[in-house]
Structure formats: C-alpha cells, structure tokens
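Asks: Fold the following for me, if possible:
(one chain, ligands or ions: 1)
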Amino acid sequence: MGALWSLALSYPEFLVAALCFVSLSGLRLAVRARRQRVPVNWPVVGMLPFVLANLGRLLDATTDALRESGCTLLFRGPWLARADFLLTCDPAAVQHCLASNHGGYDKGRDFAEMFDVVGDGLLVADAASWARQRHVAATVFGTPAFRSSVLRTMARQTVRLLVPFLDRAAAGDGGGGGGGGGGVVELEDVFMRYSLDVSYASAFDADLDALSVAAADAPVPAFGQATRVASESALFRHIVPAWWWRLLRWLNVGPERRLADAKAALDEFVYREIAERKSRLAAGSQAGEGSNLLALYMAWPRDPGMSERQRDQFLRDSAVGYMFAAKDLIVAALTWFFYMLCTHRHVEAKILDELRSLQHTATVAATGGGGEHAVFDSDALQHASYLHAAVLETLRLFPPAPFEEKEAVRDDVLPDGTAVPKGTRVIFCIYAMGRMEGIWGGDCHEFRPERWLSDVGRVRHEPSHKFAVFNCGPRSCLGKNLGLSNIKIAAAAILYNFQVELVDGNVVEPQNSVVLHTKNGMRVRIKRRHAA
Ligand code: HEM
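Replies: Next comes the predicted model:
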C-alpha cells in the first residue's frame with residue numbers, strides 16, 4: 001500500500017489518470033443507469049441500486065427491464081451476498097423449467113428457509129416429500145364431498161356475511177362516512193375478512209365471522225393478518241442479502257420480529273385446533289369427521305415412520321399451507337377485479353347484462369333489516385362466460401402470485417440458449433408475462449375480457465406456460481377451479497346488488513410482496529343498486 005502511495009506521489013500523472021478512469025467509468029454507468037431500463041451492474045453493490053431506486057414501482061420496473069433484455073436477464077446482487085438470480089418472463093423458459101424439465105428444478109432449501117412460515121409443507125417441499133404431500137393434497141382436493149362443501153361454504157359466507165356487511169355499508173353505516181350517498185369501505189380489508197371466513201370454515205368447519213357486521217370496527221384477527229405479514233416478509237427476505245435478514249431474525253427486530261409474531265399467532269391457533277380435535281376424537285365424539293380440510297387430513301392413514309409430534313406438525317403445515325394457498329390470493333384477485341371494473345365501466349355493464357340474463361338461477365336471500373338480495377352459486381355461474389373472461393383478464397394483468405421461483409438442481413440451458421449453472425435461482429415474473437407484447441399482442445396493456453372469448457362466446461383456453469397465473473406443469477395449482485368459483489361467487493353478489501365506486505384521490509397500486517396486495521388498500525363507496 002505504502003509503495004503504491006509513494007509511486008502515485010512520484011508520478012502524479014498516474015494518480016490523475018487512475019482517478020479519471022474511475023470517475024469516467026462511474027459516470028458512464030450512471031448515464032447508462034439513467035438512460036436505459038436494464039439494471040446496471042455496479043461494482044460492489046451489483047444491481048441493488050436498481051431495486052432501491054425503483055422500490056415504489058418494482059414490478060413495473062422489472063417488467064420494463066425484462067422487455068428491454070429480451071425476456072431474460074441475470075440479476076447481480078451485491079458482491080459476496082450470494083444474491084444473483086436469473087429473471088425471466090419467457091413462456092419457453094416457463095414451459096422448460098416448470099413442465100418439460102421439471103425434475104431439473106427444485107424449490108430449494110433457500111426458498112424453504114425464506115418461506116419457513118409454512119414449515120415443511122407442500123408449498124416448499126421438494127422431491128419425495130413433495131410427491132408424497134402432493135398425492136395427499138390431490139386426493140383431498142379431489143374428494144367430491146370436499147369440493148362441494150367448499151363451494152357451499154363460499155356461497156353461505158357470501159349470503160350471511162359479505163352481502164349483509166356491504167348492505168349495511170351502503171346504508172351509510174360502513175365507517176368512513178363522507179357525502180355522495182352510500183358508505184365508504186376499504187374493499188381489500190373487506191375481502192381479507194371474507195376470504196378468512198371462507199378458508200377458515202372450509203379448513204376447520206367453524207365460523208370465525210371476521211366480516212360480521214358486529215366485528216366491522218374490530219381489527220382483522222391476528223390469525224388472519226399473519227398470512228399477509230408473512231408474504232411481505234418473504235419478499236423482504238428475497239430482496240436483501242441473506243446475512244442481513246438472518247441478522248435481523250437473530251436480533252428479533254423489524255420485519256423479522258413481525259414475522260416471528262405472525263408465526264406464533266398461526267402456531268398457537270392451529271396447534272390448539274388440532275389438540276382439541278384429537279381430544280374430542282379420543283373421547284369418542286365424531287368431531288374429527290366431516291368434509292373440512294383438517295378432518296380429511298386427520299383421517300389420512302398415518303405414515304408408520306411418523307411420531308405423534310411429526311404428525312401434528314404435518315397437520316399444522318398442511319392447514320397453514322392451505323390458508324396461504326387459498327386465502328390471500330383470492331383477496332388480491334377480488335381487489336384488482338373491482339379496481340378494473342371501477343376504471344372500465346363498459347366491462348361492468350356487460351357483466352351486469354349477463355347476470356341479469358341469469359337472474360332466474362339466482363337465490364334470493366334476506367340480509368336482515370328487511371332487505372333482500374340475489375346471490376348466484378357456482379352452478380348458476382356456469383354460464384357466465386363474460387364474467388369468467390373478465391376474471392381471467394384481471395388475473396393476466398394482476399396475477400395474485402406475481403413471481404414463481406425455482407433453483408436449478410444441475411447445469412442446464414434455457415431454450416433461448418441462456419446457461420443455467422447448478423444452484424442458480426430462477427425467478428419467473430408472471431406479472432411481466434401478462435404485459436409483454438410478444439406474448440399477448442400490441443394491446444397487452446388494455447383490459448379487454450373479449451380476448452378470452454371465442455367467436456361463439458365460449459371461454460378460450462390459453463396454455464399454462466403462456467398464462468402461468470396458476471403455475472404450470474406438475475406443481476400447478478390444485479385449487480384453480482375452486483379459486484375461480486370463489487372469485488365469481490363474491491364478484492357476482494357484489495356487482496348484482498351494489499354499485500362500487502373508487503373514492504377520489506385513492507391511488508391504488510401494487511405492494512411489494514409475494515402476493516399482489518395493494519399498497520394502501522382500496523377505498524370505495526358502496527351504494528345499493530336499486531335497478532337490479
Ligand atoms: C386466484 C386464486 C389462486 C391463484 C392465483 C393460485 C395460484 C397458485 C400458484 C401460482 C401456485 C404455485 C405455487 C408455487 O409452487 O410456488 C399454486 C399452488 C397451489 N395452490 Fe393455488 N391459487 C389460487 C387459489 C387456490 C385455492 C383456492 C386453493 C385451495 C382451495 C389452492 C391450492 C393450491 C395448492 C394446494 C397448491 C400447491 C401445489 C403444489 O405445490 O404442488 N390455490 N396456486
């Protein structure tokens with residue numbers, strides 16, 4: 001060091017030249033960073049400045065970067081942070097990694113650690129453990145009694161909770177007040193409570209009533225909030241270097257503390273529920289029977305190699321995984337669906353026409369307070385093709401799970417020739433896929449349900465490597481049809497009976513999370529739709 005310093009002092013022109021070189025390189029990178037949308041790879045910090053500079057619009061900035069890089073780019077994290085990953089929105093890569101070469105890609109131990117709130121459950125399992133759990137889940141989800149019980153639960157919670165809650169809000173009692181008739185509600189919060197009530201009842205066969213009129217002003221139960229907190233923390237763990245969030249976890253501060261509290265809330269609740277059922281079963285009651293998720297999992301023959309503790313943990317991980325899979329994604333889908341309808345009134349009008357033509361199939365339900373409302377169940381909505389198309393179009397632009405992630409278990413090459421060394425994390429940006437001209441055409445940014453309809457008005461099928469919202473290949477979503485039914489049942493009930501208008505000044509934008517929640521919620525005015 002001393003020798004270098006004396007050399008620099010003896011030959012100052014070297015020092016000046018070195019300084020000029022460093023400054024010019026820095027300047028060149030800075031100009032490139034400003035001009036182009038592809039992230040610049042800075043010395044030491046890698047592409048982290050791109051993330052920090054775009055924190056307010058991470059998904060759109062990532063989409064722009066992918067568009068400019070031809071759909072695939074290598075994201076460089078800070079030096080020594082082991083945070084490099086391959087980012088892609090190329091349907092051929094999706095097909096290759098998630099379907100045809102599925103065995104070459106795992107979720108990976110890093111992912112399981114980042115998403116440890118679901119324990120060793122299906123959502124993070126790999127290899128033999130995944131195959132075993134997938135088999136159990138596919139059997140449970142495929143049980144006709146389970147499916148019809150979940151569909152009944154969706155319609156029941158819509159009639160007894162969602163519609164009365166909004167009816168009360170429309171009468172001006174929904175909190176938030178304000179002029180213009182009707183009442184103001186935060187719609188994403190309403191969906192969070194509703195979806196909690198649906199998934200809770202289908203998992204545990206008990207009513208939580210988080211959306212009851214009586215609970216309107218109470219905070220969402222800790223159990224319900226926990227899944228959302230965990231999703232935000234999972235993204236945080238993806239963005240910052242692993243040593244950083246591990247340190248925060250060790251210190252139990254910041255987002256890691258919130259995550260620990262969320263996990264404790266989930267554990268306390270689910271383990272208590274399991275213990276109660278077990279003791280009722282031991283006492284000879286039929287409490288463990290039924291077609292709810294926990295009962296079906298408890299009835300599954302126990303693996304002889306499993307201890308009682310491991311069995312309880314398996315039940316806990318399965319129930320928590322179900323709440324993750326089934327709850328927050330529906331909330332995000334419903335919220336963005338109503339955002340799209342509020343900003344595309346002509347689509348709303350077409351759905352209403354369709355629902356009116358199906359009016360004879362609706363069930364009329366009393367909402368208390370002397371009011372009556374029409375509600376459609378999943379059978380009644382079988383023929384609502386335009387509604388279905390509008391839901392798919394929302395999911396294309398606002399996929400509830402905006403990213404999918406895998407790790408290469410061996411060296412591989414993507415169809416476009418990109419080399420994937422063993423251990424590389426590959427992140428599929430599903431959000432960007434919905435906004436690529438090369439995939440959906442020049443009008444890909446438009447909300448146009450018609451793109452999903454054939455000439456005779458039938459819903460068009462799109463291959464899952466192009467529309468990967470429910471994943472693609474052997475790990476595809478097991479609850480796709482149930483999820484779509486839930487969205488349509490809730491959406492039809494709301495649309496048919498109420499007008500929903502965005503409250504002025506409420507900017508609705510995506511939050512940085514592994515689930516596409518909104519950043520600040522969505523405040524809307526609810527009015528009764530007298531003309532219905
Ligand atoms: C709009 C609603 C939904 C969307 C967009 C959605 C999307 C997805 C996606 C992207 C995955 C892959 C996750 C991964 O591997 O990282 C997945 C998996 C899964 N989903 Fe869904 N889902 C929805 C609703 C549901 C519902 C309602 C259920 C249950 C009733 C459900 C059950 C599952 C299960 C069990 C898996 C795990 C499959 C496996 O790893 O083998 N999903 N879903």
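Asks: quick one, what contacts the closest residue to Gly457 other than its chain neighbours?
Replies: Once flanking residues are discounted, Gly457 sits nearest to Ser385: 5.6 Å by C-beta to C-beta, 6 or more residues apart in numbering. Where C-beta positions appear, they are placed from N, C-alpha and C, glycine not excepted. Ser385 is in contact with Glu354, Leu453, Gly457, Arg458, Val459, counting by C-beta atoms under 8 Å, 6 or more residues apart in numbering.
Asks: Among those, which one has the most neighbours?
Replies: Of all these, Glu354 has the most neighbours under the rule other C-beta atoms under 10 Å, reaching 20 neighbours.
Asks: Confirm that residue sits in a strand?
Replies: No. Glu354: not assigned to a strand; according to DSSP: H, G, I helix; E, B strand; the rest coil it is helix.
Asks: pLDDT score assigned to it?
Replies: Predicted confidence (pLDDT) for Glu354: 97.
Asks: can you map out the strands along the protein?
Replies: Along the chain, counting by DSSP state E, strands occupy 72-75, 85-88, 105-106, 183-186, 363-368, 371-375, 403-408, 412-413, 419-420, 425-429, 498-502, 523-528.
Asks: hang on, the earlier thing: what's the spacing between the residue nearest to Gly457 and the ligand?
Replies: Applying C-beta to the nearest ligand atom, to the nearest Å, one obtains 18 Å for the distance of Ser385 from the ligand.
Asks: Could you do Phe470 as well?
Replies: 5 Å.
Asks: wait, doesn't that residue sit right on Ser464?
Replies: Yes. In terms of C-beta atoms under 8 Å, Phe470 counts as a neighbour of Ser464; the distance is 6.8 Å.
Asks: All the helices of the stretch 301-450 of the chain, residue numbers only.
Replies: 308-323, 329-343, 345-357, 385-397, 430-433, 437-440 (DSSP state H, counting those that start in this stretch).
Asks: For the second one, give the mean pLDDT please.
Replies: The one in question is helix 329-343. Mean predicted lDDT for helix 329-343 stands at 97.
Asks: so what's the residue in the chain positioned nearest to the ligand up against?
Replies: Residue nearest to the ligand within the chain (C-beta to the nearest ligand atom): Gly479, separated by 2.0 Å. Residues near Gly479 by C-beta under 8 Å, 6+ apart: Phe141, Ala325, Ala326.
Asks: Check the helices of the stretch 301-450 of the chain for me and report the most buried one.
Replies: Mean neighbour count (mean count of other C-beta atoms under 10 Å) peaks for helix 430-433 among the helices of the stretch 301-450 of the chain, with a mean of 26.
Asks: ok so, going back, export the strands of the chain to a markdown table and tack on distance to the ligand and mean neighbour count?
Replies: Formatted as a markdown table, the strands of the chain follow (distance: least, C-beta to the nearest ligand atom, whole Å; neighbours: other C-beta atoms under 10 Å):
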| stretch | distance to the ligand | mean neighbour count |
| --- | --- | --- |
| strand 72-75 | 19 | 19 |
| strand 85-88 | 15 | 22 |
| strand 105-106 | 11 | 20 |
| strand 183-186 | 20 | 22 |
| strand 363-368 | 22 | 14 |
| strand 371-375 | 19 | 18 |
| strand 403-408 | 5 | 20 |
| strand 412-413 | 19 | 14 |
| strand 419-420 | 18 | 18 |
| strand 425-429 | 10 | 23 |
| strand 498-502 | 19 | 20 |
| strand 523-528 | 20 | 22 |
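Asks: what about the residue nearest to Asn486 when sequence neighbours are not counted, neighbour count?
Replies: Spatial nearest neighbour of Asn486, chain neighbours left out: Met154 (4.9 Å); criterion: C-beta to C-beta, 6+ apart. Here the number of neighbours of Met154 (other C-beta under 10 Å) works out to 28.
Asks: Contacts only, for Met154.
Replies: Val198, Ser378, Ser485, Asn486, Ile489, Ala490.
Asks: go with 6 Å
Replies: When contacts are counted by C-beta atoms under 6 Å, 6 or more residues apart in numbering, Met154 touches Val198, Asn486, Ile489.
Asks: Ok, Arg257 next?
Replies: Counting by C-beta under 6 Å, 6+ apart, Arg257 has no contacts.
Asks: what's the pLDDT at it?
Replies: 94.
Asks: thinking again about what came up before, sort out which one of the contacts of Ser385 lies nearest Gly183 for me.
Replies: Nearest to Gly183 among the contacts of Ser385, counting by C-beta to C-beta, is Glu354 at 27.1 Å.
Asks: could you dump the helices of the stretch 301-450 of the chain to JSON lines with distance to Ala264?
Replies: Shown next, in JSON lines, are those (distance: least, C-beta to C-beta, whole Å):
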{"stretch": "helix 308-323", "distance to Ala264": "12"}
{"stretch": "helix 329-343", "distance to Ala264": "22"}
{"stretch": "helix 345-357", "distance to Ala264": "42"}
{"stretch": "helix 385-397", "distance to Ala264": "33"}
{"stretch": "helix 430-433", "distance to Ala264": "31"}
{"stretch": "helix 437-440", "distance to Ala264": "42"}
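Asks: For Trp245, which of those is the nearest?
Replies: Across the helices of the stretch 301-450 of the chain, closest to Trp245 is helix 308-323 (C-beta to C-beta), at 20.4 Å.
Asks: Just the CA trace of the closest one, in PDB.
Replies: Written as PDB, here are the backbone C-alpha positions of helix 308-323 (Å, rounded to 0.1, in the frame of the first residue of the first chain):
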ATOM      1  CA  GLU A 308     -47.000 -38.100  17.100                       C
ATOM      2  CA  ARG A 309     -45.200 -34.800  17.100                       C
ATOM      3  CA  GLN A 310     -44.300 -35.100  13.400                       C
ATOM      4  CA  ARG A 311     -47.800 -36.000  12.600                       C
ATOM      5  CA  ASP A 312     -49.100 -32.800  14.400                       C
ATOM      6  CA  GLN A 313     -46.500 -30.800  12.500                       C
ATOM      7  CA  PHE A 314     -47.700 -32.300   9.200                       C
ATOM      8  CA  LEU A 315     -51.300 -31.400  10.100                       C
ATOM      9  CA  ARG A 316     -50.200 -27.900  11.100                       C
ATOM     10  CA  ASP A 317     -48.100 -27.300   7.900                       C
ATOM     11  CA  SER A 318     -50.900 -28.600   5.700                       C
ATOM     12  CA  ALA A 319     -53.500 -26.300   7.300                       C
ATOM     13  CA  VAL A 320     -51.300 -23.200   7.300                       C
ATOM     14  CA  GLY A 321     -50.300 -24.000   3.700                       C
ATOM     15  CA  TYR A 322     -53.900 -24.200   2.700                       C
ATOM     16  CA  MET A 323     -54.600 -20.800   4.300                       C
END
